[in-house]
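>>> how would this look folded up:
(chains A and B)
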Amino acid sequence: MRDRATALGALQFDLTRRELLRTGFGGVLLLSFGALLPSGCARYSPIARPLKFLSRKEFAVVTRAAVRILGLPDDRGDEIGGFIDALLADLPPTTQNQARLMLRVVEHGTHLFDLKPRRFTRLSPAEQDAYLRGWMESSLGARRIIFRALKTLAALGYYAQPSAWHPIGYDGPWLGRVDIGSRFTHEEPAPLAVVRARFPNR
Amino acid sequence: MILDSTTVDGDVALSSDVCVIGSGAGGAVVARELAEAGRSVVVVEDGPYVRSGEFVQREDVMYTRIYREGGTTANAEYTVLVSQGRLVGGSTVPSFCLSIRPPRAILAYWARNFALPGVGFEAIYPHLRKVEKQIGVRRITTEQLNANSTKLLLGAEQLGYRGYLPFHNRTGCVERAGAVIIPDCEARQIVTHAGHAAGVDGLFNRSRTGTRYALKVRAKVVVLAAGAINSPRLWQASSLPDPAQAVGRNLRLQPNVVVSALYPEVITAWRGIPQGYVVDEFLRLDERSAGQGYLLLPTFAFPVAAASVLPGYGEQHRQLMELYPRLGAIGIFLHDHSRGRLEFSENAPPTVAYRLGGLDQEQLLDAMVQASELSFAAGAAKVFLPYNHVVTIRRRGAYQAIHERGIRANDPLFISYQPQGTMRMGGNPRQSVVDDHGEAHMVRNLFVADASIFPTSVAVPPQLSVMTFATRTAQHIIANARGYFGT
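Below you'll find the predicted structure:
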């Protein structure tokens, strides 16, 4: 228990470190802890689809977390994970790094927070639920932050997709369905040569 | 004219009368006014130019395209998300188009307490009217109310709460006044010479070759309008003087949080004009203090944002999402007194340090009670509070759960769309950054024209206030052209 308490204390300390508190993909993320954790993927199943950003390990964590948090069937996981992978690939490097660390912390936080010998993706669905609820309801603000980030990522991975809209009664964007005609016009941008001619350097 | 940044193939040097940093509510208005007065104006915008046809109402596409850091910027403790537009048009683009005038009492308070005799309501009224005409504000009619707004109106009528149909600007407001906008270019430094602003140095984020080429704009007047987070960052990065130690301080966030309600009938809150009604019963303003309280506004979220903010886990969360068409929502818009600050570091966005004080927490808890009360009065069957865990109120008056849970870090999570106050105006250079026309006390020919200059929260959504003060700043520059431009 002493080791655990020490580790938690270290997390609290790290959360006060300014460089970790700058922006947040889901907040800050216990994250220096994540940086110390293993990133290898040897024990994770190969994935049929090519990934742009996530490793196999990160893909496994985010898909399991998403289906459990959103209450979805397991078979939606790959589709959600692929969508999240594509989204993360387009985000700034700082945010990408925070996302990586967050997923690593969630995967290995079982040892730290629940004293379980197995990592998150190796738990049973019921154990995964109990573990993730522990993050949601934690008295440690940083864990709630990570849960919220994970939930947002899951929501983006699933509810941004048109296939998710019918079950919740959302009829989709009206742009593209409704003719707005010429009400909203835009200006075509001008090449640099035109701008230079107008504002010559004096 | 808007530059096509994909044609940039080398460093760029331009000369103009005026260089404006930022193209949002403040920058665009200043640029227009000065260009119409015959001045050459270059506007440097960090974000992209997104054409009308590129808006697709898809959250996965638009969040990363039009919000700074995809909308994920947060304060240090991650209790408030700070959402800022980052594109040509700034935060006026992802907006519900509310156009609420700055309250007379707030302006009087500023005038009296910050040595700003020229900012009273009567003094700014001509500028306010000019803006209202230019952006085409119209009062929402009852026929235009969507079901979600109608619920708030009904609730307010039932309870006898004060409210009104607000003005919106819902006609296109793109006009060609003659300024040139340079998108995809990050302003890195305000250049000064002998105590005067002399130009802006920037770096392109985008170019024909992918290289980050330099932009140098030499100008006689520089207007800083990058918003209450980035304007002070640029001031600090430019090593400009700050003897008052006011740059980056006095941050107000006007935090928002949402209370959701389940109605027996379909609401489809995403359809029609959002935020068509305002309850201001609980916004208490007087000329002797900064006032306190909050506005209550109908609001909605598309599916991803709804799934993120709706409480619950697993099956319970999914069932809540299946109620999406029957959910109405009331947004709480706090007139905050808590003062945050920005902490700067090199080559990184500033850290937002902001903690809700006791009075603000009390106001927010009260606001959650009143939003629940209004929802039940409008016929809601249940109310869902914005906590991580599902906290459901099933009958009117049973609000003890709100006070029991209170507010703890990140639960609920607040969102700020309107940071302000970090470069406050005032008559005393020892206590403020700019004067009542927005001109820096310590750097001649440098103006600030965004919500940074507000000495306190302006108590309402600030778009119209920012535009009004920007117009006033531009008119001041025009009226004193000989001094600023030499001609």
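>>> packing partners of the helix or strand containing B:A13?
Under the criterion DSSP states H and E, the helix or strand holding B:A13 is strand B:12-21. Applying 3 or more Cβ pairs under 8 Å, 6 or more residues apart in numbering or on different chains; DSSP states H and E, one finds that strand B:12-21 contacts helix A:192-198, helix B:25-36, strand B:41-44, strand B:196-204, strand B:214-224. Using the backbone N, CA and C atoms, a C-beta is placed for each residue, glycine as well.
>>> out of those, which comes closest to B:Q363?
B:Q363 sits nearest to helix B:25-36 of all the helices and strands packed on strand B:12-21, at 25.8 Å, using Cβ to Cβ.
>>> next one: the closest one to chain centre, how far?
Its chain's average C-alpha position is 17 Å from that of helix B:25-36, according to Cα atoms, centre = their mean, to the nearest Å.
>>> so what are the sheet partners of the strand holding B:A13 and their directions?
Under the criterion DSSP bridges, strand B:12-21 sits next to strand B:41-44 (parallel), strand B:214-224 (parallel) in its sheet.
>>> starting at the chain centroid, how far to the longest one?
Here strand B:214-224 is found 24 Å from its chain centre; the criterion is Cα atoms, centre = their mean.
>>> now that strand: mean pLDDT?
For strand B:214-224, mean pLDDT rounds to 97.
>>> please apply the same query to the shortest one.
pLDDT averaged over strand B:41-44 equals 97, rounded to a whole number.
>>> what's the helix or strand just after it packed up against?
As assigned by DSSP H and E, the chain's next helix or strand after strand B:41-44 is helix B:59-66. Contacts defined by 3+ Cβ pairs under 8 Å, 6+ apart place helix B:59-66 against helix A:77-89, helix A:141-159, helix B:303-309.
>>> so which of the ones you listed is the most packed in?
Mean neighbours per residue, mean count of other Cβ atoms under 10 Å in any protein chain shown, is largest over the helices and strands packed on helix B:59-66 for helix A:141-159, with a mean of 25.
>>> and the residue nearest the centre of chain A?
Among the residues of chain A, the one closest to the centroid is A:L153, at 4.1 Å (Cα atoms, centre = their mean).
>>> and the helices in chain B, which stretches?
Per DSSP state H, chain B carries helices over the ranges B:25-36, B:59-66, B:104-113, B:121-134, B:147-159, B:227-237, B:303-309, B:314-322, B:358-377, B:400-405, B:463-479, B:481-485.
>>> most packed of these?
Stretch with highest mean neighbour count among the helices of chain B: helix B:25-36 (a mean of 27; mean count of other Cβ under 10 Å).
>>> C-alpha coordinates for that helix, PDB please?
Presented in PDB, the C-alpha positions along helix B:25-36 are these (Å, rounded to 0.1, in the frame of the first residue of the first chain):
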ATOM      1  CA  ALA B  25     -15.400  40.500 -33.700                       C
ATOM      2  CA  GLY B  26     -12.900  43.200 -32.900                       C
ATOM      3  CA  GLY B  27     -10.300  42.900 -35.700                       C
ATOM      4  CA  ALA B  28     -12.800  42.600 -38.600                       C
ATOM      5  CA  VAL B  29     -14.700  45.700 -37.400                       C
ATOM      6  CA  VAL B  30     -11.600  47.800 -37.000                       C
ATOM      7  CA  ALA B  31     -10.300  46.700 -40.400                       C
ATOM      8  CA  ARG B  32     -13.500  47.500 -42.100                       C
ATOM      9  CA  GLU B  33     -13.800  50.900 -40.500                       C
ATOM     10  CA  LEU B  34     -10.300  51.900 -41.400                       C
ATOM     11  CA  ALA B  35     -10.400  50.500 -44.900                       C
ATOM     12  CA  GLU B  36     -13.600  52.400 -45.600                       C
END
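>>> hmm, who's touching that helix?
B:17-18, B:20-21, B:23, B:41, B:43, B:45, B:89-92, B:131, B:134, B:175, B:177-179, B:181, B:223, B:225-226, B:447, B:449-451, B:462-463, B:466-467, B:469-471, B:473-475, B:477-478 (Cβ atoms under 8 Å, 6 or more residues apart in numbering or on different chains).
>>> and the angle from it to helix B:121-134?
80 degrees (axes from the mean of the first three to the mean of the last three Cα atoms, to 10 degrees).
>>> and the pLDDT at B:A31?
Turning to B:A31, the model gives it a pLDDT of 97.
>>> nearest residue to it in space, please, no chain neighbours.
Spatial nearest neighbour of B:A31, chain neighbours left out: B:A179 (4.1 Å); criterion: Cβ to Cβ, 6 or more residues apart in numbering or on different chains.
>>> the one you found: neighbouring residues, count only.
Neighbourhood size, B:A179 [other Cβ atoms under 10 Å in any protein chain shown]: 25.
>>> per-residue pLDDT, residue 190?
Picked chain A for this. With respect to pLDDT, A:A190 scores 93.
>>> my bad, chain B
98.
>>> swap in A:D14?
Listed pLDDT for A:D14 reads 31.
>>> and what of B:A261?
pLDDT, B:A261: 98.
>>> wait, what's in contact with it?
By Cβ under 8 Å, 6+ apart, the contact list for B:A261 reads B:151, B:327-330, B:372, B:375-376, B:378, B:380, B:382-384.
>>> let me have the residues you listed in JSON lines, adding pLDDT as columns.
Output for the contacts of B:A261, formatted as JSON lines (pLDDT from 0 to 100):
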{"residue": "B:K151", "pLDDT": "98"}
{"residue": "B:L327", "pLDDT": "97"}
{"residue": "B:G328", "pLDDT": "97"}
{"residue": "B:A329", "pLDDT": "97"}
{"residue": "B:I330", "pLDDT": "98"}
{"residue": "B:S372", "pLDDT": "98"}
{"residue": "B:S375", "pLDDT": "98"}
{"residue": "B:F376", "pLDDT": "98"}
{"residue": "B:A378", "pLDDT": "98"}
{"residue": "B:A380", "pLDDT": "98"}
{"residue": "B:K382", "pLDDT": "97"}
{"residue": "B:V383", "pLDDT": "97"}
{"residue": "B:F384", "pLDDT": "96"}
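>>> just to revisit the earlier point, of all the helices and strands packed on helix B:59-66, which one comes closest to B:W235?
Of all the helices and strands packed on helix B:59-66, helix A:141-159 sits nearest to B:W235, with 29.9 Å by Cβ to Cβ.
>>> what's the helix or strand following the closest one in contact with?
Remark: after helix A:141-159, the chain's next helix or strand is helix A:165-168, criterion DSSP H and E. With contacts defined as Cβ under 8 Å, 6+ apart, helix A:165-168 is touched by A:159, A:171-172, B:303, B:321-322, B:324-325.
>>> and those, which two are the farthest apart?
A:G172 and B:E322 (16.5 Å).
>>> OK, contacts around the residue of chain B positioned farthest from its centre?
Distance from the C-alpha centroid of chain B, by Cα atoms, centre = their mean, peaks at B:E315 (35.8 Å). B:E315 is in contact with A:G71, counting by Cβ under 8 Å, 6+ apart.
>>> pLDDT below threshold where in the stretch 151-300 of chain B?
Scanning the stretch 151-300 of chain B for pLDDT under 70 picks out B:172-175.
>>> residues of it that sit close to chain A?
Counting by Cβ under 8 Å from any Cβ of the partner chain, the stretch 151-300 of chain B comes close to chain A at B:172, B:174, B:176, B:180, B:182-183, B:216, B:218, B:266, B:270-271.
>>> mind redoing it with 10 Å?
With Cβ under 10 Å from any Cβ of the partner chain as the criterion, the stretch 151-300 of chain B meets chain A at residues B:171-172, B:174-176, B:178, B:180-183, B:207-208, B:213, B:216-219, B:266, B:268, B:270-271.
>>> check those residues for burial and list the buried ones.
Neighbour counting with 16 or more other Cβ atoms under 10 Å in any protein chain shown marks B:178, B:180-183, B:207-208, B:213, B:216-219, B:268, B:270 as buried within these.
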